[in-house]
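# Give me coordinates for this.
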Amino acid sequence: MLRRLSVASLLLLPVLIATSSAAEPLPPPARWIPRDAIFTVEVLQPKAILDLAFDSRVTRLVASLPAYQAMLSQEGPQGLLKLVEFLAARFDSDRKTLLTKLVGGGVTFAVGARGEALLVVDAQDEEVLQQIAEIVTNIAKDEAAKRGQSAQIESAQYQGVAVWKSGNKEAHAIVGKRLLVSNRAETLKMALDLRTAADGESLAATPAYQAARKAVGDNAQAMAFVNFAAIKNVPRVEKALSDISSPVPVLAIAGMTEALRHSSWLALALRVAGDQLGIEMRMDGKAPEGSLVTAFSQSPRSQDGVFPNLIVPRRIAAVSLYRDVYKFYAAKDQLFPERTSGLIFFENMMGIFFSGRNLTEDVLSQLEPEIRVVIARQEYGAAGGPPMVQIPSFAVVMRLRHPQEFGEVAEEAFQKALGVVTLQSGQKGMSGLIIDRSTYHDVRYTVAYFTAPASPDRDYRDARHNYRPTLAKLGDYLVLSSTEDLARDLIDALKREMASPVTPVAGVHSLVELDVVQAIAAADANRKSLVRQSMAKNGIGEAEAAAKYDMLTTLTKQLGQATLKIGAQEGQFRAGLQFQLNLK
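Residues are numbered from 1 along each chain as shown. Below you'll find the predicted structure:
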């Protein structure tokens with residue numbers, strides 16, 4: 001659907017000075033975009049974005065990347081860089097200042113249903129825009145003449161504005177401080193028509209755009225608007241919105257699909273403040289009253305929400321969810337009727353571990369809606385050494401409605417699961433799990449472990465030695481961890497939490513926190529294996545695979561800390577992703 005404007009068209013920029021008055025007041029760009037546009041991106045406040053893009057830490061990082069250095073060795077990028085340097089010298093300016101003068105008023109890009117595209121650039125300095133347009137136009141004409149294609153660049157007057165077209169029908173024009181570029185001449189003319197048309201003909205006049213702009217607020221540096229009413233009936237989109245056949249995505253996204261189904265618009269807002277980068281999603285759709293999909297993720301009390309994430313040493317990620325799994329599973333026949341047979345098999349399997357108890361009424365009904373997951377890097381002791389593949393520890397923390405009664409049920413199910421693992425290990429001729437009991441800070445817990453391998457080669461132990469399954473109970477909390485060390489760290493964290501009241505994050509049903517630096521450290525522990533996989537998958541040498549891995553991790557590490565919040569405000573779906581960048 002989207003036909004992107006070619007880089008060549010932007011480099012050619014065959015635009016001459018408009019005949020309209022330079023003093024002509026220009027309305028917001030959305031006032032020149034047709035009302036039937038389906039997708040629009042607006043850079044409303046370029047300064048903060050440019051400040052981050054030209055931060056010395058960012059430019060130094062980009063310049064150090066082998067991929068960037070390789071790109072500069074190619075003829076095309078070299079020519080573009082020379083042109084930029086020439087323009088900067090021509091105006092006695094640096095790149096950032098030059099770009100600010102060109103786009104400092106804002107940039108807007110819109111796409112229509114038939115692939116028509118319009119780029120609107122508001123310059124901060126009209127004189128610079130006009131002079132650069134002339135310089136680039138002359139360069140473009142010279143290049144076209146060398147190829148014998150001078151006739152492909154032509155101009156004509158339209159409503160007092162010089163409109164230029166290139167051979168591929170792309171059109172360009174300047175009105176005062178505003179540059180317009182389109183992939184179709186008729187689209188550009190339509191934008192110029194809107195200068196004098198009735199207000200109701202533009203995107204800015206539509207209720208959906210106005211509501212989205214209000215939801216985004218005035219402090220966003222950029223926003224994207226999607227006319228969802230125009231695309232949700234497209235067969236592929238309609239199928240995606242109606243497909244709720246898989247329980248895991250429905251449980252994870254908790255009503256996002258249903259909110260989209262009832263939305264007429266979707267908006268994304270970008271906010272930049274120093275080293276903080278935030279992206280927020282808003283939409284106008286509300287789930288119907290009594291919706292089965294959202295009932296399990298939204299408390300009837302507005303003050304309820306997720307618990308804060310638990311903090312442990314070497315934490316990679318933490319997830320806190322408000323999910324009433326009892327309500328969710330109780331509605332399985334209405335939500336997933338085609339999966340009834342598979343769910344019956346699942347319930348029969350669970351009946352083995354829970355001694356024939358009904359999974360819905362006797363097991364899931366015992367769980368409170370607050371569920372938390374923690375992932376952390378492991379520290380391997382000297383005895384035994386690390387396995388060949390190092391897997392981070394992970395744990396789930398749940399609250400029980402009746403901890404005394406159900407605690408023993410959970411303990412029995414846990415030990416039965418360990419027995420199944422031991423049986424399967426024995427069938428493969430491998431040692432099984434040894435179950436033990438231990439105490440940490442007055443908390444009695446159950447732990448199981450595999451016996452150490454007979455091989456003295458400690459660095460290549462089997463991956464199963466990443467695991468030391470542990471079940472701990474304290475107060476109304478139940479901790480199920482893949483390792484004993486993480487279980488102990490969680491006991492410390494829960495004791496701190498129990499010492500002071502927990503304040504739920506109201507209006508949020510999903511809270512995800514990621515420490516990218518810790519995640520990269522966990523990946524680096526398996527660097528050799530990951531490089532080998534890349535070599536085998538892409539058919540490249542070790543040096544190239546290692547360079548690609550290092551470049552990816554270097555870039556990813558700059559994201560620092562990431563926080564994702566998903567919930568509802570006044571019944572409307574809302575999501576926000578925040579990065580605390582790790583620029584150095």
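# CA atoms for contacts and neighbours, from now on please.
OK.
# roughly how far apart are Asp476 and Gln334?
31 Å (CA to CA, to the nearest Å).
# So for the two, which residue has more residues nearby?
Between Asp476 and Gln334, counting by other CA atoms under 10 Å, Asp476 is the more crowded of the two (15 against 12).
# Now do the same contact list for that one.
399-403 (CA atoms under 8 Å, 6 or more residues apart in numbering).
# Name the member of those with the most neighbours.
Neighbour counts for the contacts of Asp476 (other CA under 10 Å) peak at Leu400, which has 22 neighbours.
# tell me the phi and psi of it?
phi -110, psi 140 (degrees, to the nearest 10).
# Who are the contact partners of it?
Contacts of Leu400 by CA under 8 Å, 6+ apart are 366-368, 406, 476-478.
# Which members of these occur in strands, if any?
The strands, defined by DSSP state E, take in 367-368, 477-478 from those.
# just these now: which is nearest Pro28?
Nearest to Pro28 out of the ones in strands among the contacts of Leu400 is Glu368 (CA to CA; 50.2 Å).
# about what we covered before: select from the contacts of Asp476 every entry located in helices.
In helices, judged by DSSP state H, the following of these are found: Pro403.
# Identify the farthest-apart pair in the contacts of Asp476.
Arg399 and His402 (9.0 Å).
# what about Gly475, how many neighbours?
Neighbour number of Gly475 under other CA under 10 Å is 13.
# And for the one 3 residues further on?
Look at Leu478: counted by other CA under 10 Å, it has 21 neighbours.
# So what sits opposite it in the bridge?
Beta-bridge partners for Leu478, by DSSP bridges, are Met398, Lys473.
# follow-up on the earlier one: and the furthest pair within the ones in strands among the contacts of Leu400?
Glu368 and Leu478 (10.9 Å).
# okay, and the common contacts of these two?
Taking CA under 8 Å, 6+ apart as the criterion, Glu368 and Leu478 both touch 398-400.
# May I see the contacts of Asp476 organised as JSON lines, with pLDDT and distance to Glu411 added?
Putting the contacts of Asp476 into JSON lines (pLDDT from 0 to 100; distance: CA to CA, whole Å) gives the following:
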{"residue": "Arg399", "pLDDT": "94", "distance to Glu411": "15"}
{"residue": "Leu400", "pLDDT": "95", "distance to Glu411": "13"}
{"residue": "Arg401", "pLDDT": "93", "distance to Glu411": "16"}
{"residue": "His402", "pLDDT": "93", "distance to Glu411": "14"}
{"residue": "Pro403", "pLDDT": "92", "distance to Glu411": "11"}
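# Pick the one among the contacts of Asp476 closest to Val531.
Distances from Val531 to the contacts of Asp476, taken by CA to CA, are shortest for Arg399, at 41.0 Å.
# How much space separates the closest residue to Leu119 other than its chain neighbours from Val516?
Leaving aside its sequence neighbours, Leu119 sits nearest to Phe109 (CA to CA, 6 or more residues apart in numbering; 4.5 Å). According to CA to CA, Phe109 and Val516 sit 32 Å apart.
# Distance to Arg464 for the shared contacts of Glu368 and Leu478 - can I get that in JSON lines?
Below are the shared contacts of Glu368 and Leu478 laid out as JSON lines (distance: CA to CA, whole Å):
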{"residue": "Met398", "distance to Arg464": "25"}
{"residue": "Arg399", "distance to Arg464": "28"}
{"residue": "Leu400", "distance to Arg464": "30"}
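# Tell me the one of those nearest Trp32?
For the shared contacts of Glu368 and Leu478, the nearest to Trp32 is Met398 (53.7 Å; CA to CA).
# Below-threshold pLDDT in the chain: ranges please.
1-24, 140, 144, 148-153, 167-168, 243-245, 300-303, 340, 382-384, 452-460 (pLDDT under 70).
# try 50 this time
Within the chain, the segments meeting pLDDT under 50 span 1-23, 458-459.
# Name the residues of stretch 164-176 that are buried.
164-166, 170-176 (16 or more other CA atoms under 10 Å).
# chain center to that stretch, what's the gap?
How far stretch 164-176 lies from its chain's middle: 36 Å, per CA atoms, centre = their mean, to the nearest Å.
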